[in-house]
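Participant: pasting a predicted model and its sequence here:
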Amino acid sequence: MTPTGQGWLPISQSRSCGRLGINIITSQKHFDGDKQSIDEAIQNMKDTGVRVGFMIFFPGSYEYIMDALERHGMVGEAGYAWFLGDTAEDWEQVVREFPVSKARRFRRLMHGWFHLLMKPFGDDRRDTFEAAVRRVPFSVFDSHDVEITPEHTTAHYPGLAALAYDAVWTAALGIDAAYLQGSPVQDGSEVLSKIRALDFDGASGRVSFLENGNRVSEGVEYHLSNLQTHDNTIISINVLTFYPGRSMRKVTAPMWQGSIESREATWQVPSDGFGCDPGEIFNATLLDCSPCPPGMFQANSTCLRCEVGTVAPASSMSRCIVCTEGYADREGMSECTRCPLHQERKANTFGTDSSDCGCMRGYFK
């Protein structure tokens, strides 16, 4: 798996996955809207053999990311699984901003993607929160340090907005409690102690904490949505609901990348290729692992021909072996060519052609 995105987001994902025992193959970062850094990140993912990716990016980077994924053959193909973070809720609206031909292509490529949405808002909480934001004059929001427009204050806020709002209040209430007690607010341990004792009704639900510092999950849920393209429109279908620390509920089977023609929905997860044994590579057509044939060896996610002077006598080899007797004068050989009768490999040669053979002791030309 690979998280990719900007700033602290992929770093945070990597740390979280590490604590849960999820193997992070590579973590790539890019700058928003920067074509070169995006292409380098996707190229690195391709070179590493990534098959499952968690993408954290904003709509400003969308076009470059999709172009790079398509250029490297990593999107719209069976055998890949892409997951999106909570940076946009309506991807059809994002795609609609592009010219008709490009929008149609992007819709096809996004069929089978997954979208992880945090749902701390109930409808009533969202309405209350958004109404409160709209009552605040824009001049209060406007700042040279934050890029914000009047449209932001009238937006339909994603779940992360509620968590951000409650996080600020949590910090403020913890500092206030420490200050009222007479403790120096510079003492982070005392502030942290006050934060852990908080219990209040926030925009995202009840805000209280366990002894280990994790938030009580009451009122918070995640929806894993499946992006599907029907009638040239991206629709989002909830396939799984997850209640942190409590339970998980399957809703409907998803469609995967490469299923736009078959329309097959299944819970069977395509192999990501990293379960393949040494000497095998992932076959995107069969959705299974295939051995590298004799004469070739497995290097990351592909089979390469053995170099001159080396051979792979069997299938499923992860490295080639040197010819100790005879020679290998072509790439991709599965066995060494024997030296002519009464000849053997000369000392200090590499066995790359027949000139490395010499007469055995007692014979001469």
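Facilitator: Alright, I've got the coordinates. Residues are numbered from 1 along each chain as shown.

Participant: show me which strand runs longest in the chain.
Facilitator: strand 233-243 (DSSP state E).

Participant: which strands or helices does that one pack on?
Facilitator: helix 91-95, helix 100-110, strand 222-230, strand 247-250 (3 or more CB pairs under 8 Å, 6 or more residues apart in numbering; DSSP states H and E). C-beta: built from backbone N, CA, C; applies to glycine.

Participant: how far does that strand sit from the chain's center?
Facilitator: Averaging C-alpha positions (CA atoms, centre = their mean, to the nearest Å) puts strand 233-243 18 Å from its chain's average.

Participant: mind listing what that strand pairs with, with the direction of each?
Facilitator: Its sheet considered, strand 233-243 pairs with strand 222-230 (antiparallel), strand 247-250 (antiparallel) by DSSP bridges.

Participant: dump the ones you listed into TSV; add mean pLDDT and mean neighbour count as well.
Facilitator: Shown next, in TSV, are these (pLDDT from 0 to 100; neighbours: other CB atoms under 10 Å):
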stretch	mean pLDDT	mean neighbour count
strand 222-230	91	19
strand 247-250	85	10
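
Participant: of all those strands, which one is nearest M317?
Facilitator: Nearest to M317 among the strands paired with strand 233-243 is strand 222-230; the distance by CB to CB comes to 38.8 Å.

Participant: quick one, that closest one and helix 100-110 angle?
Facilitator: Regarding strand 222-230 and helix 100-110, their directions subtend 130 degrees when assessed with axes from the mean of the first three to the mean of the last three CA atoms, to 10 degrees.

Participant: what does strand 222-230 contact?
Facilitator: Applying CB atoms under 8 Å, 6 or more residues apart in numbering, the contact partners of strand 222-230 are 84, 91, 107-108, 110-119, 234-242, 244, 254-255, 260.

Participant: pull out the buried residues from the residues you listed.
Facilitator: The neighbour-count criterion (16 or more other CB atoms under 10 Å) marks 84, 91, 107, 110-115, 117-119, 234, 236-240, 242, 254-255, 260 among these as buried.

Participant: residues contacting the nearest residue to T233 once chain neighbours are set aside?
Facilitator: Taking CB to CB, 6 or more residues apart in numbering as the measure, T233 lies nearest to E92, with 5.9 Å between them; neighbours along the chain are not counted. Taking CB under 8 Å, 6+ apart as the contact definition, E92 lies against R107, T233, I234, I235.

Participant: closest one to C336 out of these, please.
Facilitator: Using CB to CB, R107 comes nearest to C336 of the contacts of E92, at 53.6 Å.

Participant: dump the contacts of E92 to JSON lines, plus pLDDT.
Facilitator: Converted to JSON lines, these look like this (pLDDT from 0 to 100):
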{"residue": "R107", "pLDDT": "93"}
{"residue": "T233", "pLDDT": "94"}
{"residue": "I234", "pLDDT": "94"}
{"residue": "I235", "pLDDT": "94"}
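
Participant: export those residues as CSV, with columns for distance to R305.
Facilitator: Listed next are those as CSV, based on distance: CB to CB, whole Å:
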residue, distance to R305
R107, 39
T233, 46
I234, 42
I235, 45
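
Participant: quick one, what contacts T170?
Facilitator: By CB under 8 Å, 6+ apart, the contact list for T170 reads I195, L198, G202, V207.

Participant: hmm, V220 is touching R246, no?
Facilitator: No. Taking CB atoms under 8 Å as the definition, V220 is not a contact partner of R246, at 10.0 Å.

Participant: those two: who's more crowded?
Facilitator: Between V220 and R246, counted using other CB atoms under 10 Å, V220 has the larger neighbour count: 22 against 9.

Participant: for that one, which three-state class applies?
Facilitator: Of the three states, V220 takes coil according to DSSP: H, G, I helix; E, B strand; the rest coil.

Participant: quick one, grab the pLDDT at it.
Facilitator: We have a pLDDT of 72 for V220.

Participant: okay, now A171: neighbour count?
Facilitator: For A171, the tally of surrounding residues (other CB under 10 Å) stands at 12.

Participant: typo on my end, it should be Q298
Facilitator: Counted with other CB under 10 Å, the neighbours of Q298 add up to 21.

Participant: show me the contacts for it.
Facilitator: With contacts defined as CB under 8 Å, 6+ apart, Q298 is in contact with P278, G279, E280, I281, C292, S316, M317, S318.

Participant: and if you look at S334?
Facilitator: P294, G295, V311, A312, P313.

Participant: where does the prediction get shaky in the stretch 1-150 of the chain?
Facilitator: Within the stretch 1-150 of the chain, the segments meeting pLDDT under 70 span 1-27, 58, 120-123, 141-150.

Participant: can you map out the strands along it?
Facilitator: Assigned strands in the stretch 1-150 of the chain, in chain order: 2-5, 28-29, 52-55, 81-84, 114-118 (criterion: DSSP state E, counting those that start in this stretch).

Participant: can I get the ones you listed in TSV with distance to P137?
Facilitator: As requested, the strands of the stretch 1-150 of the chain are exported to TSV (distance: least, CB to CB, whole Å):
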stretch	distance to P137
strand 2-5	33
strand 28-29	36
strand 52-55	36
strand 81-84	34
strand 114-118	29
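
Participant: and of these, who's closest to V75?
Facilitator: Ranking the strands of the stretch 1-150 of the chain by distance to V75, with CB to CB as the measure, places strand 81-84 first at 7.0 Å.

Participant: partners of that closest one in the sheet?
Facilitator: The strands beside strand 81-84 in its sheet (DSSP bridges) come out as strand 52-55 (parallel), strand 114-118 (parallel).

Participant: which outside residues touch the longest one?
Facilitator: Taking CB under 8 Å, 6+ apart as the criterion, the residues outside strand 114-118 that touch it are 81-86, 89, 91, 158-160, 163, 220-227, 236, 239, 254.
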